[in-house]
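**Student:** Sharing a model that was predicted from the sequence below.
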Amino acid sequence: MSNAKERKHAKKMRNQPTNVTLSSGFVTDRGGKHHNEGQKPQKQDTLEPHSGTSGQRQTRIPTHSLPEPNVSEQSSSKVMFKKKGGWKAGPDGTSQEIPKYITASTFAQARAAEISAMLKAVTQKSSNSLVFQTLPRHMRRRAMSHNVKRLPRRLQEIAQKEAEKTVHQKKEHSKTKCHKARRCHMNRILEFNRRQRKNKWLETHIWHAKRFHMVKKWGYCLGERPTVKSHRACYRAMTNSCLLQDLSYYCCLELKGKEEEILKALSPMCSMETGLTFAAVHCLSGKRQGSLVLYRANKYPREMLGPVTFIWKSERTSSDTSESRQLWIWLHPTLKQDILEEIKAVCHCMEPIKSAASISDPLPTPSQGKSQTELLDEKIGKKRKRKDDEKNSVPVKKVVGDGTRDPCQPYSWISPTTGIIISDLTLEMNRFRLIGPLSHAILTEALKTAAVCVEGEDMEKTPHYWWIETCKNPDSISLHCRQEAVFELLGGITSPAEIPAGTILGLTVGDPRINLPQKKSKALSDPVKCQDNEKVRQLLLEGVPVECTHSFIWNQDICKSVTENKISDQDLNRMRSELLVPGSQLVLGPRESKIPILLIQQPGKVTGEDRLGWGSGWDVLLPKGWGMAFWIPFIYRGARVGGLKEDIVHSQYKRSPNIPGDFPDCPAGILFAEEQAKTLLETYKRHPPAKRPNYVKLGTLAPFCCPWEQLTQDWAARVQAEEESSVASSPCGEQSNLRRHKVSCALMPKTTQLSDEVGTPIHHPREPEEVMDTECQDQAGVKKVTDQEVSENHIAATGNHLCVLRSRKLLKQLSAWCGSCSRDNRAAWRAASRGQPALTKEACLSVLEHFPRALVWVSLSLLRKGSPELHTMICVPAQEDLFQLSQDRQYCGPQESKHSDPFKSKILKQKEKKKMERKQKQEQAVSEGLAVEDPALGQEDLTLGLWSGPLPPVTSHCCRALLGFVTQGDFSMAAGCGEALGFVSLTGLLNMLLSQPAAERGLVLLRPPASLQYRFARIAIEV
């Protein structure tokens, strides 16, 4: 046989079992036959089945089963050797033949043993796989798992037996449940209550979760933005129709007590320089909602706590002023802890009330009734299974309100000296905001005032006994009718901005689910409702009368009754299905719920001269448990829903600071800036160095944060150096020198700063409570006037701390100074500067005496193209920039030259050093047999593209002096150009205004962190 035929034969036979077993009596020798002449036979070879056959076990044939073959049978045979690829000839190169004679009995016994072993291997199952899984992949079909006829016929019988086993039988699902329903938790309410233990859910959470991108913020699960593209649509809704937002995550603090005691306690926390206080006449009567900024007691203008809004409960009898008053303070959740602790301190309310009657106890969560072992099992992660005794147990109630409240912790505190009671009403009410000109039209169509109970009706069926008692009083019925008349007048007003800011209207309405339309519609204002021009004129000028602001929502017992006696959606739908005429109006009569609500007008944009009243609307306060009952009717009347992103856009277009990001002197604002810087840094590091900007080469020292402390300190040092140089060159009078030296001493920084790679300044105060230097006090002279002492104390209080300028008098003064007196707006500049002092150096020094290190909230609008973004730098233009702009109005702006990167070589050296240290550590560890430690641990890595170490002076790092930073910025669809909001240094702003000509006053340069291009913008301070 040729070599090619041998290879072909070997390839053909390589996967076949070995069936030939040779006796040990044959001994091969080159060139002849050798017989076993009476000698002891050698050990027999064992039978080896081929490893390539599936389902066949390796079986050894015992030696006694094969008797010793006859010598005569072996004489005519030639020996074959098993090699790789099949049977080959012996070592002599001659072909060996198969024996010519065999014994039938011995051969049959050997074959019988092989067949029995093969049958045993076939019948026994060697794995847990099913029959169709043993087939080759090219023979498998998708339907084999449930259709036996898809298998080959030889395997169908086995597959049928496997299918009949109970293990492989499918569970019979209920045909009444769909796939989505079968996937739900067995007890959905229990599961929802469990998921609210860590992060609080609003009552509209499920609705938002299906349509919004949800985020976990401030201890809540909130909707950030819709899943559909709706940026422009939400702006159009705020401008032309109505935008709906759920602000129920805002916290409410209630103060109860005598009016004099409450005002006396809260007066140190606010200042009249910033605007109205808690004692404002319209707010104190309960007619209007007020807003103010709270500080720590007697710490104004530093240590700001945050902005709040407040509402006083109106007095039923104006003559009685000694009765207990109620005050609601609404604030952002990030400000709650600091403000609550400060209010408790000033009111001396440190004694907790264990059983507060004013607050309804939260509904018990399923975890409250469990033992400690069950709670421990749940924490470990064991699977929660429904027990048999749970089927007959009391049904679990849905958590309404704050599901994370601990019943063991107090939520009310009382003062034993003043009698003031402070209660935390967070999530005890729902607060919805409707923004846009059609907001009051949606309110008047979706809400209908409650029907007055008549004596002849069957009063036993109604659970609303409080409303029955109210209807028995003629004065209450008269007040309800007046509130209804005022509410109907709102439907014909064009915009909510026409009503006085902060107007409050109390109402009692019926169940809005009864008036729900079949299809979505768009509510429009009806001018027919405004036919009585005298009443409408009185409403627009004076607002809602004081007596019409009364609402039963101030009574927590009534609110609890309204929440508990609410008709469920299931019962309401069942009543609709029982109507004789489908789709007709459902009349419940006395069983209909009566819900007390409170309507509060939001003024919108109130600062500046353009777009006044934009973004105005109404806030609706509801008892808890009624959120979705009011939410859906508002949407069915044409309201579009927005999230947290739309709230930021709303504040940006109003040019008002957003909470908490635009309050850098507030603890919540500082914490927000740190978290934002950390998030931006992580995002930056996720990109490779070639795909991210090198901020060091772009001249951006802090791309992820705003170093306000260092900015104010650098400007203070800069102004001080300029004053010293001017005094040295041209000495002035003794009084002027003394005044300049006093201001420079107040401007001297008292802290040293370092920064990490994020660019966040790290402060190390040397003497935090230190007042002015001894030098400055000694040079003030022996003569001291009372006003001078007050001024020095004010400087000592504010000189070492960063603060934001919120004095309305000084802001109006700065607003007049920032306006340019060019030909286009000369008349507006004269009107704004009427009654204000002229911009002189003495006037600027007088401002800096009171606020040496302060920031100013400014708005910026670009003159040409460009869209500002977060942390855009606000810079001072040079004289050549203003000259070139006056020559060419199309001039975009200068460009920053590229900076060198001093950290690039350091980063390379650091990498080489780490590599060598790691190599030496490995060699040392291998020699000593110790574990290898990473030498990089404990060392701060340098990041390519970010400034590391202490920041250099931020004002003079680039070719244009840095003035401030942008905190909000984007292209404005209202103005048609880029607009931004941010803070600038008060010292730098005054220095810039003094150096600019009157025609170009108020022009600044904006440069994004990742760009070298400066663009012109006009700065404005709106009051």
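**Tutor:** Received it, and whenever you're ready, just let me know what you need.

**Student:** Show me the shaky parts of the stretch 751-900 of the chain.
**Tutor:** 751-800, 820-835 (pLDDT under 70).

**Student:** how about the helices in it?
**Tutor:** Assigned by DSSP state H, counting those that start in this stretch, the helices in the stretch 751-900 of the chain fall at 774-778, 786-798, 808-818, 826-832, 841-850, 879-887.

**Student:** swap in the stretch 501-650 of the chain?
**Tutor:** All helices of the stretch 501-650 of the chain, identified by DSSP H, counting those that start in this stretch, fall at 533-542, 556-564, 569-577, 627-636, 644-654.

**Student:** Measure how the third one sits relative to helix 627-636, angle-wise.
**Tutor:** With axes from the mean of the first three to the mean of the last three CA atoms, to 10 degrees as the basis, helix 569-577 and helix 627-636 are set at 50 degrees to each other.

**Student:** Glu1022 reaches Thr607, doesn't it?
**Tutor:** Yes. With contact defined as CB atoms under 8 Å, Glu1022 counts as touching Thr607 (3.8 Å). All C-beta atoms are positioned from the backbone trio N, CA, C, and that covers glycine.

**Student:** Can you pull the residues that touch both of those two?
**Tutor:** Residues touching both Glu1022 and Thr607 by CB atoms under 8 Å, 6 or more residues apart in numbering: Arg655.

**Student:** which other helices and strands contact the longest helix belonging to the chain?
**Tutor:** Across the chain, the longest stretch assigned as helix under DSSP state H is helix 904-928. Using 3 or more CB pairs under 8 Å, 6 or more residues apart in numbering; DSSP states H and E as the contact definition, helix 904-928 packs against no other helix or strand.

**Student:** Skip ahead from it and say which helix or strand is next.
**Tutor:** The helix or strand immediately downstream of helix 904-928 is strand 962-972, counting by DSSP states H and E.

**Student:** Could you list the buried residues of that next one?
**Tutor:** Leu962, Leu963, Gly964, Phe965, Val966, Thr967, Gln968, Gly969, Asp970, Ser972 (16 or more other CB atoms under 10 Å).

**Student:** now these in TSV, with distance to Asn533 and pLDDT?
**Tutor:** Compiled in TSV, these are given as follows (distance: CB to CB, whole Å; pLDDT from 0 to 100):
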residue	distance to Asn533	pLDDT
Leu962	56	93
Leu963	51	94
Gly964	49	94
Phe965	50	95
Val966	47	95
Thr967	45	94
Gln968	41	93
Gly969	44	92
Asp970	42	92
Ser972	37	90
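
**Student:** so which of those comes closest to Gln245?
**Tutor:** Of all the buried residues of strand 962-972, Gln968 has the smallest distance to Gln245: 18.0 Å, by CB to CB.

**Student:** dump the residue contacts of the residue nearest to Val400 when sequence neighbours are not counted.
**Tutor:** Among residues not flanking Val400 along the chain, Gly625 sits closest, at 4.7 Å (CB to CB, 6 or more residues apart in numbering). Gly625 is in contact with Glu203, Val400, Gly401, Val562, Thr563, Lys566, counting by CB under 8 Å, 6+ apart.

**Student:** what about the third one, is that helix, strand or coil?
**Tutor:** In the three-state summary, Gly401 is assigned as coil, counting by DSSP: H, G, I helix; E, B strand; the rest coil.

**Student:** Could you check how far it is from Gln483?
**Tutor:** Distance of Gly401 to Gln483, computed by CB to CB, to the nearest Å: 27 Å.

**Student:** And Arg637, by the same measure?
**Tutor:** From Arg637 to Gln483 the distance is 21 Å (CB to CB).

**Student:** can you check Glu498 too?
**Tutor:** 19 Å.

**Student:** what about those two, which has more around it?
**Tutor:** Comparing Glu498 with Gln483 by other CB atoms under 10 Å, the one with more neighbours is Gln483, at 23 against 16.

**Student:** which one is that one nearest to, not counting chain neighbours?
**Tutor:** Cys548 (5.0 Å).

**Student:** returning to what we had before: and of the buried residues of strand 962-972, the nearest to Asp714?
**Tutor:** For the buried residues of strand 962-972, the minimum distance to Asp714 (CB to CB) is 8.1 Å, reached by Leu962.
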